[in-house]
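A.B. asks: Sequence first, then the predicted structure, then my questions.
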Amino acid sequence: MNSMEKHNLKVYDETGATALSCLILQDGKTAYEFYTGTHNREYGAQKVQKDSRFNIASIRKSYIGFALACMIAEGKIRGLDQDLCTYFPAIPVIEGTTIRHVLTHTHGLAEKDGKWIRMFPPGEDWFYNNAGVNLLISIIQNVSGKTMAQILDEQVFQKAGFAESGWEKSEENLVLNFLSDPSRQLDDSGEDSNLYCSTRDLAKWGELFLTRGKSAEILTPDAFKEMTSVQFTGLAQLPKQGYFWWVKEEDFPKNEIGPKVPKGSYQLLGITGCICLVMPEYQAVAVRMLNQTGQNREFNYLDDVRTFGDMAAGMVGAK
């Protein structure tokens, strides 16, 4: 058992997960692969395997960012510095907030008791929440006349062969997401965090950006580069984002990307415990899937994410 396997199994145990997988690709080839557990706790539950589909939670934001890039390429959205008031004139509190602020979690907006409030002026701080992404989804679907799921299916899933990715209304034959709200009615429009995909499809998503779309005729290499480049640089010692991707420029104590991961790498994270780390310097993609049962207060989430990245970098960087 190598150190990566030991770490992942420790996390698997501490988070109460039933399912875990890990896949590391380098130069398009499998460098490491591991699967364990079952889709749920029921007797006779399906064992985790290559085509098992996990809920990737907030990793879906990068797919929404991709849809935004498509709308910009088609000229339906002018660019990142467009003020949100253009689309929401009836919400004056958002004035001065741009799409760029939304992508980088520097928008300062929140929803409280059904109303929009401002926590801080746009661009003056960083705070992670879903308020901004909900506005962006509304913009994209309004200008396109399509659901988020339709855009992704047409623009990338069909073209690049993502056969094990999509928004689902039911968890039948899928890995159970213990953190989902059973009372909430989900649909397959792409508006909610019910995007499920297999480990190999999420690794393929990382490779799509690593190769800048070379494997499929979708968008331009420059578009892929922009999506994974820092889009707001005004705040020191705080996370940096591209189109919702976490991008490493430097290391600091609360950076979600480990100190041993090379600069220029970029990463996606989901509350279910899923990670997709892309390391261009090593031509590698590292993915871990998990279905943690809850937020264990004794579990060090930041340490886990940084350790995973450092171990993955050590495995591919030594080759």
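C.D. replies: Everything's here; your move.

A.B. asks: Check which residues of stretch 180-189 are buried.
C.D. replies: Neighbour-count burial for stretch 180-189, with 16 or more other CB atoms under 10 Å as criterion, is recorded at 180, 186, 188, 189. For glycine as for every other residue, the C-beta is placed from the backbone atoms N, C-alpha and C.

A.B. asks: List of residues touching it?
C.D. replies: Applying CB atoms under 8 Å, 6 or more residues apart in numbering, the contact partners of stretch 180-189 are 55, 147, 148, 149, 166, 167, 168, 169, 171, 192, 194.

A.B. asks: since we're on residue 195, how many residues are nearby?
C.D. replies: 26 (other CB atoms under 10 Å).

A.B. asks: same check, this time on residue 230
C.D. replies: Burial measure for residue 230: 16 neighbouring residues, criterion other CB under 10 Å.

A.B. asks: And the residue of the chain most remote from its centre, how far from residue 177?
C.D. replies: Within the chain, the residue lying farthest from the chain centre (CA atoms, centre = their mean) is residue 43, at 31.5 Å. Computed with CB to CB, to the nearest Å, the distance linking residue 43 and residue 177 is 20 Å.

A.B. asks: do the same with residue 279
C.D. replies: To residue 177, residue 279 is 27 Å away according to CB to CB.

A.B. asks: Give the helix, strand or coil label for residue 32.
C.D. replies: Reduced to three states with DSSP: H, G, I helix; E, B strand; the rest coil, the structure at residue 32 is strand.

A.B. asks: related to what we said a few turns ago, most neighbours among the contacts of stretch 180-189, which one?
C.D. replies: Per-residue neighbour counts (other CB under 10 Å) across the contacts of stretch 180-189 peak at residue 55, which has 26 neighbours.

A.B. asks: show me the contacts for it.
C.D. replies: Contacts were defined as CB under 8 Å, 6+ apart; by that measure residue 55 touches 174, 175, 177, 180, 193, 194, 195, 196, 270, 272, 274, 291.

A.B. asks: what's the closest of these to residue 114?
C.D. replies: When these are ranked by distance to residue 114 (CB to CB), residue 193 comes first, at 20.1 Å.

A.B. asks: Quick check: phi and psi on the closest one?
C.D. replies: According to degrees, to the nearest 10, the main-chain angles of residue 193 amount to phi -90, psi 50.

A.B. asks: Contacts only, for the residue nearest to it when sequence neighbours are not counted.
C.D. replies: When the adjacent residues along the chain are set aside, residue 193 lies closest to residue 57, with 5.4 Å between them (CB to CB, 6 or more residues apart in numbering). Counting by CB under 8 Å, 6+ apart, residue 57 touches 177, 179, 193, 270, 271, 272, 274.

A.B. asks: and the fourth one, how many neighbours does it have?
C.D. replies: As a burial measure, the neighbour count of residue 270 was computed by other CB under 10 Å and equals 24.

A.B. asks: was I right about it contacting residue 56?
C.D. replies: Yes: Residue 270 is in contact with residue 56 according to CB atoms under 8 Å; the separation is 4.8 Å.

A.B. asks: Which strands and helices lie in contact with the helix or strand where residue 311 lies?
C.D. replies: Secondary structure from DSSP states H and E places residue 311 in helix 301-317. If you count contacts as 3 or more CB pairs under 8 Å, 6 or more residues apart in numbering; DSSP states H and E, helix 301-317 packs onto helix 3-14, strand 19-26, strand 29-37, strand 275-279, strand 284-290.

A.B. asks: Name the residues of the first one that come out as buried.
C.D. replies: Yep, that's helix 3-14 we're talking about. Under the neighbour-count criterion of 16+ other CB under 10 Å, helix 3-14 has 4, 7, 8, 11, 12 buried.

A.B. asks: Direction-wise, compare it with strand 29-37 and give the angle.
C.D. replies: For helix 3-14 and strand 29-37, the angle between their directions (axes from the mean of the first three to the mean of the last three CA atoms, to 10 degrees) works out to 30 degrees.

A.B. asks: Also the last one?
C.D. replies: With the same axes, to 10 degrees as the criterion, the two stretches strand 284-290 and strand 29-37 enclose an angle of 10 degrees.

A.B. asks: Partner strands of strand 284-290, with direction?
C.D. replies: Strands that pair with strand 284-290, judged by DSSP bridges, come out as strand 19-26 (antiparallel), strand 275-279 (antiparallel).

A.B. asks: Roughly how far does the spatially closest residue to residue 194 that is not a sequence neighbour sit from residue 75?
C.D. replies: Excluding the flanking residues, the one nearest residue 194 by CB to CB, 6+ apart is residue 186, at 4.5 Å. Taking CB to CB as the criterion, residue 186 is separated from residue 75 by 32 Å.
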